[in-house]
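Asker: kindly generate the corresponding structure for this input.
(4 chains)
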Protein chains: 2
Amino acid sequence: MAVTIRMIAEKAGVSRGTVDRALNNRPGVNAEVAAHVRRIAKELNYEPNAVAKALAISKRKLRIDILLNSGQNPFFEKIRIGIQRGMAEIRSYGITVETFELTGFSVEEQLHKIDELMKEPPNALVITPINDPRVIAKLNQIAQQDLAVVTLNMDVTGLSKLCFIGCNYIRSGQTAAEILGQITAGEISVGILTGSASILGHQQRVDGFSGVCAQDYPRIHVKAVAETEDDNEIGYRVTKEMLCTYQLDALYFCAGGIDGGIRAVKECGLEKKIKIITVDDTDNIKEYIQSGIVNATICQQPIKQGHDAVTITTDWLLHGKRPARKHLYTQNEIKTRYNLD
Amino acid sequence: MAVTIRMIAEKAGVSRGTVDRALNNRPGVNAEVAAHVRRIAKELNYEPNAVAKALAISKRKLRIDILLNSGQNPFFEKIRIGIQRGMAEIRSYGITVETFELTGFSVEEQLHKIDELMKEPPNALVITPINDPRVIAKLNQIAQQDLAVVTLNMDVTGLSKLCFIGCNYIRSGQTAAEILGQITAGEISVGILTGSASILGHQQRVDGFSGVCAQDYPRIHVKAVAETEDDNEIGYRVTKEMLCTYQLDALYFCAGGIDGGIRAVKECGLEKKIKIITVDDTDNIKEYIQSGIVNATICQQPIKQGHDAVTITTDWLLHGKRPARKHLYTQNEIKTRYNLD
DNA sequence: CTGAAAGCGCTTACAG
DNA sequence: CTGAAAGCGCTTACAG
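Answerer: Sure thing, here's the model as predicted:
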C-alpha cells in the first residue's frame, strides 16, 4: 500500500494542504512544522504519486516552446516525428507544445525569434542553439527567469541548461573511422566532407574521425577536408573538386549536402569503387546503402531525440525531476543494408 | 480546451456515469442511449484523459507477472534493468509487477511454473516462451481468460498474444553477415557457433547469416555450424574442435557460450588473426571488442525490451491500447569500439 | 437501465 | 501560518 499525503498529514497532525506546502517547499509554512512533516515523509518513505500530481497540475496550463533550425533539412523530419510521439504521450497533462522552425543558421534570425517568443514566455524552451556568444548570452539570461532551457541536437558550451539531448558527435566521428578502418586494408587516402567548421557538432565529428585515424589506423590518411554548408549544390562542387584533386579511396560525409556529394561521386564513375561512410538515414541515404554506394551510415536516433525532448522537459515541469545526466547522448547506430529499418 | 466526459454528458442530457459506461462498452446501458452518447463523443472528437483514467483505475489493483528463462545468462541483466525502469515509470498506476526467473529451458519446468502462477491469475503475463507445442497450448488456453500474454525476447508461432517484443533474429543474422562481408575480402571460411537448433531465434540468426552469405557474399563459405547449448564449457569444446578441424578465417557467435568459445580461440593462438562477430554486449564482450579480439557485435536493445514489456502491457491494461504492430522489433545495433556505451 | 455521490491522490484559492 | 473545501477527469458501488 503506497504512502499518501493523507497518511503523512494524519501522522503529523496537520492538514493535507500543509503537507503539500512543506514537501514542495512552497512559501508560508512554519519552518519547524515543515521540518517535522518532511521527516515523517522520509520515515514513511513517501513517494509522490505522479499521476495524481499531473492531474492536479493540469490546471496550470504550462507551455513548452520548441525552436528548431530545421530548414529544408530532411533529417529533421524524424525529430519532428519524435516530437509528435512525445506530444501524444503527454496529451493528458494539459501542457501546450508549440514548434517553430527557422531555415539556415542566421544568428540574427534566431535571436529575433527568441525575443518574439519571450513576449509571452513559455515555461520551457527547447532549442537547437547556434554556437554564438550572443545566442548563449540571451539564453542564459532567459534561463534565469524560472524557465527551463533544453538544447536539442545541437549544443553550445557555457549555457546554463536543464540538459542537452542529442548525438555524441565525437563518438560519431570515431565510430565512422573505426568502421572505415575495419572495411579497408593497407594505406588509403580519405576525404572528409563536413558542413561547417563553425558548427560544433560537425567539427567534433571531423576531430573524432581524424583522431581515430591517427591513433588506431595510421595507414588511413586524411587528405582533405571541405565544407558543404549543408547544401547539395556546394556539396556537389567541393566533392567533385576533391575527387579531381586527390586520388581518394574513401569519403566520409559527416553533415548535410550528401546528395550533392554522391552525385559528384557518380559523375566521376567512382561509386562502389571508393568506400563511403555517411551520417543519418534519410530516404536517399537508405537508397545509397541498398544499392551499395554507401557502405555504412552512422545514425543518432533522431526520433528518440525529439521524443525525449518533450518527455524530459515535461518531467521537469511537472515533477521537478532533473534528467540523470546533463548530456543525454543517443546511441550512435551503425547501419548497413540489413539493419536499416 | 480538451473535451471531457462532463461536456459529453451535458450535450447528451445524461449523467457522466452513463457516458462512461457507453464509451467503455460496459454492460447495462440502453443501446440507443449508448449510440447517442458515442455519436456525440465522436462529433466532439473526444479523447479520454489518460491521466485521470489511470488515477481512477488505480483502485483496481492490477497485476502483471513476468516469467523469464533468464537463468545464469548475463544478457538478461539488461532486460531486468529495463523492467526496473518500466516499473519506475508506472509506479503511480497502482499496478503490481512480479518477476519470476527460471534457469534453463525445461518445458516441464515452464509449464509447471505457469500453472503455479495461474492459481492466482494476474491480469497480464509477460513470458519468454519455450518453443514447444505444450507451452503454446497452455498459453493459448490462458489467453482465452481475459488475460493478456506478451512474449518477450523469445517468440513462438501460433500463439494468440498481445504482441512480441524483441529482436528480429533473421535481420540480426543478416546484419552479422553483411558486416563480415564488408570487413573481409576474397574467399573465406567461417564457422557458426549457435546455441540450440531448437531455439527459434538462434536458428533464425543462423538462417539469416547463411542466407546473406549465399546471396550477397558467395565468397564466404559457411564450413560448420555447432551448438553450444548456451554453455561456456560446451562452447569451449565445440569451438576448439571446429578450429582444429577446419582452417577458418572467421567465426560468428550467435548465442550464449561465447566466453568459452573465445577461450578456445585464444588457446589456438588465433585471436586477432580471425575475424569474429558476436551478439549482445555483456561486459566480457565489451572487453573483447576493446582489445580487438571481437570485431563487432550485433546488439538488440535489451533494456528497451524490458522497459517496453512493462509499459506496453500497462497501456493495454489501463487504456485497452493495442501496440502498433504484433511484432515490436528492437533495433539491431552494430557495435564496435567507439559506440559501445 | 440511470443518476447522484464518493473516491483515486494531489494542488490551490479562500477564509481565518 | 494553517485548515476546510473544491477541483483536476475519470470510475464505480449504491440506490432507485
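Asker: wait, doesn't residue A:180 sit right on residue A:274?
Answerer: No - contact criterion Cβ atoms under 8 Å: residue A:180 and residue A:274 do not qualify, at 10.9 Å. Every C-beta, even on glycine, is put in place using the N, C-alpha and C of the backbone.
Asker: now for these two: what residues contact both?
Answerer: Shared contacts of residue A:180 and residue A:274, defined by Cβ atoms under 8 Å, 6 or more residues apart in numbering or on different chains, are found at residue A:250.
Asker: more neighbours: which of the two?
Answerer: Legend: neighbour count by other Cβ atoms under 10 Å in any protein chain shown for residue A:180 and residue A:274, higher for residue A:180 (25 against 20).
Asker: which helix or which strand is home to that one?
Answerer: Using DSSP states H and E, the element containing residue A:180 is helix A:169-183.
Asker: now do that helix: which elements does it pack against?
Answerer: Using 3 or more Cβ pairs under 8 Å, 6 or more residues apart in numbering or on different chains; DSSP states H and E as the contact criterion, the elements in contact with helix A:169-183 are helix A:200-216, strand A:220-227, strand A:250-253, strand A:275-279, strand A:296-299, helix B:169-183.
Asker: given the second one, what are its sheet partners and their directions?
Answerer: Strands that pair with strand A:220-227, judged by DSSP bridges, come out as strand A:188-194 (parallel).
Asker: export the partner strand to CSV, keeping only CA atoms.
Answerer: What follows is strand A:188-194, C-alpha atoms only, in CSV (Å, rounded to 0.1, in the frame of the first residue of the first chain):
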residue,chain,number,x,y,z
ILE,A,188,44.4,4.5,-48.0
SER,A,189,43.5,8.1,-48.6
VAL,A,190,40.3,9.6,-47.3
GLY,A,191,38.5,12.9,-47.8
ILE,A,192,36.1,14.5,-45.4
LEU,A,193,33.0,16.5,-46.4
THR,A,194,31.8,18.4,-43.4
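Asker: identify all contacting residues around it.
Answerer: With Cβ under 8 Å, 6+ apart as the test, strand A:188-194 has contacts from A:180, A:202-203, A:205-206, A:209-210, A:213, A:219-228, A:235, A:238-239, A:242-243, A:246-255, A:257-258, A:261.
Asker: pull out the buried members of the residues you listed.
Answerer: Buried subset of the contacts of strand A:188-194 (neighbour count, 16 or more other Cβ atoms under 10 Å in any protein chain shown): A:180, A:202-203, A:205-206, A:209-210, A:213, A:220, A:222-228, A:235, A:238-239, A:242-243, A:248-255, A:257-258, A:261.
Asker: quick check: residues of chain A near DNA strand D?
Answerer: A:13-18, A:21, A:27-31, A:33-34, A:52, A:55-56, A:58-59, A:94 (Cβ under 7 Å from any atom of the strand).
Asker: now the strands for chain A?
Answerer: Counting by DSSP state E, the segments of chain A that form strands are A:63-68, A:96-101, A:124-127, A:148-152, A:163-167, A:188-194, A:220-227, A:250-253, A:275-279, A:296-299, A:327-330, A:333-335.
Asker: what does chain A have sitting close to DNA strand C?
Answerer: A:2-6, A:16-17, A:20-21, A:23-24, A:26, A:46, A:48-49, A:52-53, A:55-57, A:59-60.
Asker: chain center to stretch A:109-129, what's the gap?
Answerer: 17 Å (Cα atoms, centre = their mean, to the nearest Å).
Asker: again, but for stretch A:147-164
Answerer: Computed by Cα atoms, centre = their mean, the chain-centroid distance of stretch A:147-164 equals 10 Å.
Asker: same question for stretch A:221-229.
Answerer: 24 Å.
Asker: for stretch A:13-26, same thing?
Answerer: Taking Cα atoms, centre = their mean, one finds stretch A:13-26 lying 38 Å from the centre of the chain it belongs to.
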